[in-house]
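Trainee: Build me a model:
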Amino acid sequence: MRTRSRPPSPRTAIASLALTAAVLSACTSSGAPSAPRARANEPVDEGLTEEIAEQQELSDERAEALEEATAAGTVGIVEAIHRDPSPGWAGERTVNRTGNDWEPAIAADPNAPYVYILHNRYGGEDACASGCPDPAMILHVSDDGGRTWGPERFLCRCKGIGGQFDPLIDVVPDTGDVVAVWMNGFKIQFARSTDHGATWSKPTWIHPDVRWGDKPNLALSPDGQDVYVQFNGPTGGDAYSAVSHDGGVTWSTTKITESDRYYYDYGGAVLPNGDVVFGQVSFTYSGPDNAAEGVKRVHVFTSHDDGATWSEAVVDELELGRECTSRSCYGDFYDSGPSLVADDDGDLVIVYNGASQHFGPQTVYARSSKNGGNTWSDRVQLSKDGVNAAFPAAAGEGNDGVRVWFMAQRNHRWQVWYRTSDDLGATWSTREKLSDATSGTVYKHPTGFDEVYGDYGEIAITSDGHTVGVWGEGASYYGPGGVWFNRQT
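Mentor: Okay, the predicted model is just below:
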């Protein structure tokens with residue numbers, strides 16, 4: 001899951017082969033090929049077994065949290081929402097007043113007023129009478145730049161799937177088609193819509209030659225024919241690349257690292273010359289109970305041959321930052337991944353966070369590259385000194401334009417801040433607050449919200465040049481929480 005599932009720990013090693021078989025069987029109901037099944041004389045894929053156990057444990061915990069909050073009357077919006085929007089912003093809103101919604105993705109059509117938000121939801125209405133996923137993928141569509149939204153819909157019924165995770169959504173610039181990538185269990189799926197999200201193609205399993213995949217991210221060519229998805233897989237967190245050159249109909253997969261480090265992908269871009277660049281973060285999970293230890297590295301992977309081969313470079317190396325201590329949270333939750341984006345002519349900006357001293361407050365930085373990621377500028381600091389800051393999201397535009405939001409924590413409360421640059425990140429505008437709602441839920445307060453709900457959110461630029469940002473907020477990592485957004489007016 002894109003909750004940065006950690007490597008197996010002793011407490012999850014009790015997961016049984018029966019659980020593995022059940023979930024693998026469920027993952028096939030989307031119409032994708034069946035996963036290889038372990039025969040009696042074959043070794044069990046212990047990594048998958050334990051990943052499934054952790055995934056199920058998290059889902060069970062969120063279900064328990066939702067039940068507790070429902071009984072206490074504290075789910076979703078429980079009082080009037082008071083807002084204090086920054087100038088030029090409509091004010092923070094939630095996509096659903098009662099939904100226990102987690103980790104949103106967003107995309108905007110550059111040539112039409114359509115905006116799309118995709119996230120998963122724990123609990124709530126099912127997509128069918130029985131056997132449909134929980135959490136399930138929920139799609140929201142706006143045809144007026146995010147001002148109003150149509151009725152939410154399920155991305156697919158996907159009957160027989162235990163749960164859906166890690167949503168990604170993008171718009172094909174040349175056609176307006178919408179593409180989505182997500183996980184059915186630990187099988188990464190791809191689907192396309194040609195009618196603004198009303199209907200979708202049959203989901204395609206993009207890595208049938210790799211037993212399982214986790215933490216995908218997506219890059220797309222302007223015509224939508226070249227689709228690149230990087231993810232980590234069954235060899236101890238190594239990075240893999242799945243590539244399609246026929247719009248997502250057929251796929252090939254390449255393993256691109258062989259390392260003792262665990263990789264997580266957080267964004268990529270296809271440049272005008274056809275080069276492909278992805279940003280990733282890596283950790284070593286060699287501490288007690290498989291906790292992260294040592295340094296955090298920010299990586300860039302580049303391909304000059306349509307994804308056939310990849311080169312790797314380390315952009316920065318930082319200390320692990322302040323640990324997350326909210327209910328059910330794991331220690332390196334705030335050590336979030338980099339957001340990598342390109343402007344119209346292929347210049348790159350990577351935005352990331354890390355600490356200067358072990359377990360100290362994290363700082364958000366930006367670097368730029370004008371040569372496809374071969375070399376990078378010195379880092380520029382975006383967040384304030386001494387304030388724990390993380391979870392950056394970015395979008396590139398025009399010539400040297402970039403827009404960013406990130407989260408910062410002060411006095412145990414989080415806020416979302418927005419900054420822009422028109423010189424490829426050399427200088428930045430003054431910050432503007434996006435998380436301007438000060439009430440409405442049990443986790444909203446005049447000084448911020450309790451916890452980040454999901455380890456990423458995203459930002460998009462509409463066809464009329466306005467920014468829309470989306471993210472998750474909650475009472476704790478355990479939940480419940482919701483997906484919130486704000487847009488420029």
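
Trainee: and stretch 214-233, what's its mean pLDDT?
Mentor: Stretch 214-233 shows a mean pLDDT of 97.

Trainee: In that stretch, which residues are buried?
Mentor: 214-221, 224, 226-233 (16 or more other Cβ atoms under 10 Å). Just so you know, the C-beta spots here come from the backbone N, C-alpha and C atoms, and that holds for glycine as well.

Trainee: do stretch 365-375 as well
Mentor: By neighbour count on 16+ other Cβ under 10 Å, the buried set for stretch 365-375 is Tyr365, Ala366, Arg367, Ser368, Ser369, Gly372, Gly373.

Trainee: Just give me the closest of these to Arg261.
Mentor: The shortest approach to Arg261 among these belongs to Gly373, at 19.4 Å (Cβ to Cβ).

Trainee: So that closest one: helix, strand or coil?
Mentor: Following DSSP: H, G, I helix; E, B strand; the rest coil, the label given to Gly373 is coil.

Trainee: same question, Gln56
Mentor: helix.

Trainee: residues contacting the closest residue to Thr98 other than its chain neighbours?
Mentor: Spatial nearest neighbour of Thr98, excluding adjacent residues (Cβ to Cβ, 6 or more residues apart in numbering): Gly76 at 3.9 Å. Contacts for Gly76 (Cβ atoms under 8 Å, 6 or more residues apart in numbering) come out as Thr94, Asn96, Arg97, Thr98, Gly99, Thr441, Pro480, Gly482.

Trainee: Gly307 too?
Mentor: With Cβ under 8 Å, 6+ apart, Gly307 has these contacts: Asp226, Tyr228, Ser241, Val243, Thr254, Val276.

Trainee: neighbours around the fifth one, how many?
Mentor: Neighbourhood size, Thr254 [other Cβ atoms under 10 Å]: 16.

Trainee: One more: the third one?
Mentor: Residues near Ser241, counting by other Cβ under 10 Å, number 25.

Trainee: how much space between it and Gly346?
Mentor: Distance, Ser241 to Gly346, by Cβ to Cβ, to the nearest Å: 20 Å.

Trainee: and if you look at the first one?
Mentor: Look at Asp226 and Gly346: by Cβ to Cβ, they are 15 Å apart.

Trainee: before we move on, back to that, which two of the contacts of Gly307 have the greatest separation?
Mentor: Applying Cβ to Cβ across these, the maximum distance is between Asp226 and Thr254, 14.6 Å.

Trainee: Now do stretch 442-460, average pLDDT.
Mentor: Mean predicted lDDT for stretch 442-460 stands at 96.

Trainee: Flag every buried residue along that stretch.
Mentor: Quick answer for stretch 442-460 (16+ other Cβ under 10 Å): 442-444, 448-460.

Trainee: quick check, nearest of the residues you listed to Met407?
Mentor: Closest approach to Met407 among the buried residues of stretch 442-460 (Cβ to Cβ): Val452, at 6.0 Å.

Trainee: how close does Val95 sit to Ala191?
Mentor: Val95 sits at a distance of 21 Å from Ala191 (criterion: Cβ to Cβ).

Trainee: same question, Ile161
Mentor: In this view, Ile161 and Ala191 are 13 Å apart by Cβ to Cβ.

Trainee: more crowded one of those two?
Mentor: Taking neighbours as other Cβ under 10 Å, Ile161 and Ala191 compare with Ile161 leading, 27 against 20.

Trainee: wait, doesn't the more buried one sit right on Cys128?
Mentor: No - under the criterion of Cβ atoms under 8 Å, Ile161 is not in contact with Cys128, lying 10.8 Å apart.

Trainee: Would you list the strands that the helix or strand where Leu139 lies pairs with, along with their directions?
Mentor: Here Leu139 is covered by strand 136-142, with elements defined by DSSP states H and E. Within its sheet, strand 136-142 is paired with strand 115-122 (antiparallel), strand 153-154 (antiparallel), according to DSSP bridges.

Trainee: Export these as JSON lines, with columns for distance to Trp205.
Mentor: Converted to JSON lines, the strands paired with strand 136-142 look like this (distance: least, Cβ to Cβ, whole Å):
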{"stretch": "strand 115-122", "distance to Trp205": "18"}
{"stretch": "strand 153-154", "distance to Trp205": "19"}
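
Trainee: With distance to Phe406 and mean neighbour count added, can I get the ones you listed in a markdown table?
Mentor: Below are those laid out as a markdown table (distance: least, Cβ to Cβ, whole Å; neighbours: other Cβ atoms under 10 Å):
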| stretch | distance to Phe406 | mean neighbour count |
| --- | --- | --- |
| strand 115-122 | 19 | 26 |
| strand 153-154 | 30 | 16 |
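
Trainee: Tabulate the ones you listed in JSON lines, adding columns for distance to Ala393 and mean pLDDT.
Mentor: Below are these laid out as JSON lines (distance: least, Cβ to Cβ, whole Å; pLDDT from 0 to 100):
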{"stretch": "strand 115-122", "distance to Ala393": "13", "mean pLDDT": "97"}
{"stretch": "strand 153-154", "distance to Ala393": "24", "mean pLDDT": "96"}
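
Trainee: Out of those, the one nearest Gly474 is which?
Mentor: Ranking the strands paired with strand 136-142 by proximity to Gly474 (Cβ to Cβ) places strand 115-122 first, at 10.7 Å.

Trainee: what separates that closest one from the chain centre, distance-wise?
Mentor: 11 Å (Cα atoms, centre = their mean, to the nearest Å).

Trainee: Take that strand, keep the C-alpha atoms, and write them as CSV.
Mentor: The C-alpha atoms that make up strand 115-122 are tabulated as CSV, following Å, rounded to 0.1, in the frame of the first residue of the first chain:
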residue,chain,number,x,y,z
VAL,A,115,-11.0,17.8,-12.5
TYR,A,116,-10.9,14.3,-10.9
ILE,A,117,-10.2,13.2,-7.3
LEU,A,118,-9.7,9.5,-6.6
HIS,A,119,-9.3,8.1,-3.1
ASN,A,120,-10.1,5.0,-1.1
ARG,A,121,-12.8,4.8,1.6
TYR,A,122,-12.8,2.6,4.7
